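Peer 1: Using only what follows, build the 3D model:
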Amino acid sequence: MPKLPPQYEEKVYAGWLGKCIGVRFGAPVENWTYHQIRDYIGTLDKYLPLAEGKVFQPDDDTSVPMILLRAIEDYGENVQADDIAKTLLNYIGDQHGTFWWGGYGISTEHTAYLNIKNGINPPLSGSIELNGATVAEQIGGQIFSDIWGLLIPGNIKKAADFARKASSVTHDRNGIYGGMFIAALVSAAFYCKEPVVLINEALKVIPEDSVYAQMVCQVLGYYQTNPSEWRACYDFIDKRFGYDKFSGIVHIIPNAAIIVMGLLYGGGDFSRTLQITNMAGWDTDCNVGNVGAVMGVAVGIEGIPDYWRLSQNDMFTASGLIGSANIIDIPNAASRIVSMGKKISGEPLFMEKKRRYDFEFPGATHGFRFEGDQRNILDIQQLNFEDRGSLKGIVRLLKKKQDMSLFVDTYFHPKDLQSSFYASGFSPTIFPGQSLEARICIPKDGPESILVGLFVYDDEAEVYHQGPSINLVPGVWQTLNWKLPHLYNACIGKVGLRFRNLSSDLWRGIFFLDYLEWQGRPSFTQELSHLNMEYGGAEGWTYHRGYWRVEDDGYHGSGVEINESYTGDLYWSDVDLDLTLKPLIGDLHGLLFRVKGALHSYAAALIPGKLALFKKENGKFTEVTSIEFNWKYNQRYQIIVNVHDATIKVKLEDVTLEWTDQELPYLTGQIGLLCGANSHTCFEMIHVS
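Peer 2: Predicted coordinates for the structure are as follows:
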C-alpha cells in the first residue's frame with residue numbers, strides 16, 4: 001500500500017469541507033433537543049439562513065483543529081502530548097476566544113488550560129484523577145479529532161494514537177476514546193465508504209469493555225435488526241444513553257451515539273447522514289461536523305451536492321491568538337493539512353511555493369465574491385483552463401465606463417459576523433507596503449477594450465486604493481503587480497481586481513483568474529488612539545491577556561499578569577519598528593517583535609533604570625542585554641527597533657543596544673505591545689516598515 005492514498009489532496013479538501021458544512025448546518029440548533037427540532041422546525045434538510053450580509057462565525061469545532069495542526073508544524077511528526085499542551089498555551093488567548101470558558105470544574109477545556117498554565121502537565125492535566133469523571137468525559141476530545149484522521153489516512157492505529165495524545169491534554173477515559181474513535185473513522189474513510197465497515201474498523205482502536213465501545217455496539221446492533229427507521233433508533237438511544245443518564249454539560253456518550261446512528265441510517269449518502277444527525281439534536285454542530293468530515297472523505301468532492309457548497313463559498317473563520325490566521329478558507333486549510341500529512345508519512349513536499357489563492361481543488365472559490373452596480377458578474381466557478389486550476393468569472397454585462405470587482409475579504413469586524421461568541425479577534429491578512437500579484441486572462445474571442453487593475457479597500461477610511469491598470473489582450477495570460485503605498489491608520493478589508501470597459505459595446509463573456517498573491521515587508525503608521533475596540537483588543541489587534549482599551553491619548557494595556565497585544569503576520573521577517581509609548585504604572589513597558597505566539601518572541605522594553613532586550617522562550621523572558629536609562633512615568637518615549645536576520649538593534653534617545661541571537665533565532669513573526677504585571681502602559685503610535 002502506498003504511504004498516501006490516491007487523490008489524498010482532494011479527499012482532505014472534501015473532508016475539511018464536509019466538516020465546515022456540518023458545523024455550519026448544525027450550529028443554529030446547537031443544544032436543541034430532538035423533540036424541539038421536530039416540533040418547531042420539522043425536517044432539517046438544508047442550512048438555516050444567516051442574517052443578510054453576515055459571515056458564519058468562528059466555531060471551536062473548526063478553530064481548535066487548526067491550532068492542533070500547528071503542533072505538527074512547530075514540533076514535527078513525533079509530536080507528544082506535552083507539545084500539544086504548549087501549543088494550546090501558545091496560540092490561544094488566556095481564557096478568552098477559541099474554547100468555551102465556562103469555569104474551572106465546569107468546562108473541560110477551561111479546567112485543563114488552567115492546569116497546564118499552572119504547571120500541571122498531561123496526562124494529569126486532563127485526568128479523572130485530578131478533575132473527576134464528569135469534567136474529563138465531556139465531548140471535547142471527540143469534536144476536534146477528525147484532524148488526525150485527515151493527517152494520517154488509512155492507518156487507524158496511528159491516527160488514533162495521535163488523537164489519544166491530543167485528547168489526553170484535556171480529557172480522560174471515554175473522553176479520550178471518543179477522540180480515537182473519530183480519528184479512526186476519518187482515517188478509514190480514505191479507503192472505505194461503507195458505514196458499518198467504518199464503524200467496526202474504528203471500534204478496533206478503543207477498549208472493548210469501555211462504555212464508549214459498548215454504546216457503539218448496542219447502536220450498531222439495534223440498526224442491524226431495525227435498519228429502516230432512524231427515529232426509532234433515536235428513541236433507543238435516548239432511553240439508554242440520553243443526557244439524563246450522564247452528568248456534566250455536554251457528555252461525550254449521548255452525542256457519540258447520535259454520530260453512530262447518523263452514519264448508519266444515512267446509508268453512505270452525504271446529505272442524508274448530515275440531516276439525520278442534525279435532526280437528532282443535542283450538540284449538533286459538533287456531531288454534524290464530525291460526520292461531515294467522515295462522509296466528506298468517504299464520498300469525495302463529487303459526493304457533496306453543490307447546494308451545500310454554494311453558500312459556504314469555501315469560507316470559514318477561525319479563533320486563535322494569531323489574528324491574521326483567523327481569516328482562512330477551506331482550500332488553504334486543506335493545503336496545510338496535506339503538507340503536514342505528507343510530512344508525517346515521509347512523502348516529499350513540492351518545492352514550488354504554493355500561491356495564497358490558486359484554485360487547484362475542484363470547485364474551490366477560496367471565498368471570492370463580486371460586486372458591481374448592476375450585478376455585472378453573474379457567477380464565479382472553479383475549472384481547469386489550459387491545464388491549470390482557475391477561477392472563471394461569468395460576466396452578465398459591463399457597459400462603457402462601468403466598473404465591476406472581484407475580491408476576497410481580508411478583515412472582519414464584529415458587525416460582519418453572525419455571532420462572535422468564540423471570536424479571539426482578527427488582524428488583516430494584508431498590510432500597506434506589501435506587494436500584490438495576480439495572473440489573469442480573457443479568451444481569444446474576448447474584447448480588446450477591457451482594463452483591469454488590482455485594488456484594496458481601507459475599511460477605516462472607507463476608500464479604495466487602486467494600482468495601475470493593464471489592457472487585457474485576448475488569449476494571453478497577463479500578470480499584474482502592484483506595491484501598496486505606505487498608509488496611515490488603514491485597515492484593509494478587501495483585496496481584488498477591478499474591471500472597466502472602454503468600449504461602447506457591452507461586454508458579455510468570461511475571464512479566468514489563475515492566482516492572487518501578496519507578500520513582502522509592510523509599511524504603515526497607526527495612531528493608536530484612532531482605533532476602535534473590537535473583540536477585546538484594538539481594531540486589527542488581538543490580545544493574550546489583560547485589560548486593553550482605546551482612550552483619547554492611545555491604546556492602553558494593564559493587568560495583574562504580563563499583558564500582550566499583537567498584530568501582523570507570523571511570516572513577517574525583517575522589519576523596522578518605531579513605537580511611541582508612555583509608562584504610567586509598573587516595571588515593564590515595551591515593544592514585541594518576531595512574535596511566534598504567546599510563548600515565543602523578542603522584546604525591547606523599559607525596566608527599572610534600564611532599556612533592555614529580552615528573548616522569550618516557552619513563556620519565560622530572559623534578559624539578553626541592557627543599558628542604563630533613567631526613564632520616568634508619564635513621559636513619552638520613542639523606541640526604535642531594526643531587525644535584520646538574527647541581529648537586533650534598539651535605539652532610545654541617545655542610547656543603543658545591539659545583539660545577535662546565535663542560538664535558534666526567531667526569523668519571522670508578528671509584532672506586539674508589552675505591558676508588565678501590575679503595570680499600565682499607554683501606546684500612542686507605531687510605524688512599521
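Peer 1: biggest helix in this protein by residues?
Peer 2: helix 8-26 (DSSP state H).
Peer 1: Now the element after it, going C-ward?
Peer 2: helix 34-40 (DSSP states H and E).
Peer 1: For that following helix, give the mean pLDDT please.
Peer 2: Throughout helix 34-40, pLDDT has a mean value of 98.
Peer 1: contact partners of that helix?
Peer 2: Residues outside helix 34-40 that contact it (C-beta atoms under 8 Å, 6 or more residues apart in numbering): 29, 44, 234, 238, 278-282. No exception for glycine: its C-beta is placed from N, CA and C like everyone else's.
Peer 1: for stretch 70-88, same thing?
Peer 2: With C-beta under 8 Å, 6+ apart as the criterion, stretch 70-88 contacts 67-68, 90-91, 113, 116, 121-123, 125, 151, 162, 165-166, 168-169, 336, 340, 343-344, 599, 618.
Peer 1: Same question for stretch 124-142.
Peer 2: Applying C-beta under 8 Å, 6+ apart, the contact partners of stretch 124-142 are 85, 105-106, 108-109, 111-112, 115-116, 120, 163, 166-176, 178-179, 181-182, 246-253, 255-256, 283, 286, 290.
Peer 1: Tell me how the chain divides into domains.
Peer 2: 8-47+54-324, 369-519, 524-688 (automatic domain parsing).
Peer 1: out of those, deepest packed?
Peer 2: domain 8-47+54-324 (a mean of 22; mean count of other C-beta atoms under 10 Å).
Peer 1: distance between the ends of it?
Peer 2: End-to-end distance for domain 8-47+54-324, by C-alpha to C-alpha, to the nearest Å: 27 Å.
Peer 1: got the contact list for Arg356?
Peer 2: 332, 515-518.
Peer 1: Could you point out the longest strand of the protein?
Peer 2: Longest strand of the chain, by residue count under DSSP state E: strand 507-519.
Peer 1: What's the mean pLDDT across the very next helix or strand once past that strand?
Peer 2: Following strand 507-519 in sequence order, the next helix or strand is strand 524-527 (DSSP H and E). Mean pLDDT, strand 524-527: 98.
Peer 1: same question, stretch 622-634
Peer 2: In this model, stretch 622-634 has a mean pLDDT of 98.
Peer 1: Then stretch 132-145?
Peer 2: Averaging pLDDT along stretch 132-145 gives 97.
Peer 1: For it, what is the distance to the chain centroid?
Peer 2: Relative to the chain's own centre, stretch 132-145 is displaced by 22 Å; criterion: C-alpha atoms, centre = their mean, to the nearest Å.
Peer 1: And the strands in the stretch 551-689 of the chain, which stretches?
Peer 2: In chain order, the stretch 551-689 of the chain shows strands spanning 554-559, 563-567, 575-585, 589-595, 601-607, 610-617, 620-628, 637-644, 647-652, 655-660, 670-675, 679-688, with DSSP state E, counting those that start in this stretch as the criterion.
Peer 1: got it, and the stretch 401-550 of the chain?
Peer 2: 403-409, 435-441, 450-458, 463-466, 470-471, 478-483, 487-488, 492-501, 507-519, 524-527, 533-534, 537-538, 542-545, 547-551.
Peer 1: Distance to Ile686 added to these, as TSV?
Peer 2: Formatted as TSV, those follow (distance: least, C-beta to C-beta, whole Å):
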stretch	distance to Ile686
strand 403-409	24
strand 435-441	21
strand 450-458	17
strand 463-466	21
strand 470-471	35
strand 478-483	21
strand 487-488	11
strand 492-501	16
strand 507-519	21
strand 524-527	5
strand 533-534	17
strand 537-538	11
strand 542-545	15
strand 547-551	14
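Peer 1: Out of these, which gets nearest to Thr365?
Peer 2: Closest of these to Thr365 is strand 403-409, at 9.3 Å (criterion: C-beta to C-beta).
Peer 1: Put the alpha carbons of that closest one into CSV.
Peer 2: Extracted in CSV, the C-alpha atoms of strand 403-409 (Å, rounded to 0.1, in the frame of the first residue of the first chain):
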residue,chain,number,x,y,z
ASP,A,403,-16.7,49.1,-13.1
MET,A,404,-17.1,45.7,-11.6
SER,A,405,-15.0,44.0,-9.0
LEU,A,406,-13.9,40.5,-8.0
PHE,A,407,-12.5,40.4,-4.4
VAL,A,408,-11.7,38.5,-1.3
ASP,A,409,-12.3,39.6,2.3
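Peer 1: Pull the residues that contact that strand.
Peer 2: Counting by C-beta under 8 Å, 6+ apart, 55, 315, 327, 357, 366-373, 376-377, 380, 391, 393, 395, 398, 416, 455, 457, 493-500, 513, 516 sit against strand 403-409.
Peer 1: Tell me the strands beside that strand, with direction?
Peer 2: Here strand 403-409 has these sheet partners by DSSP bridges: strand 369-372 (antiparallel), strand 492-501 (antiparallel).
Peer 1: Adding mean pLDDT and distance to Asp269, write those out as JSON lines.
Peer 2: Below are those laid out as JSON lines (pLDDT from 0 to 100; distance: least, C-beta to C-beta, whole Å):
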{"stretch": "strand 369-372", "mean pLDDT": "89", "distance to Asp269": "30"}
{"stretch": "strand 492-501", "mean pLDDT": "96", "distance to Asp269": "37"}
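Peer 1: ok so, going back, what would the strands of the stretch 551-689 of the chain look like in TSV with distance to Asn78?
Peer 2: Conversion of the strands of the stretch 551-689 of the chain to TSV gives the following (distance: least, C-beta to C-beta, whole Å):
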stretch	distance to Asn78
strand 554-559	36
strand 563-567	29
strand 575-585	33
strand 589-595	26
strand 601-607	25
strand 610-617	20
strand 620-628	24
strand 637-644	31
strand 647-652	32
strand 655-660	31
strand 670-675	27
strand 679-688	37
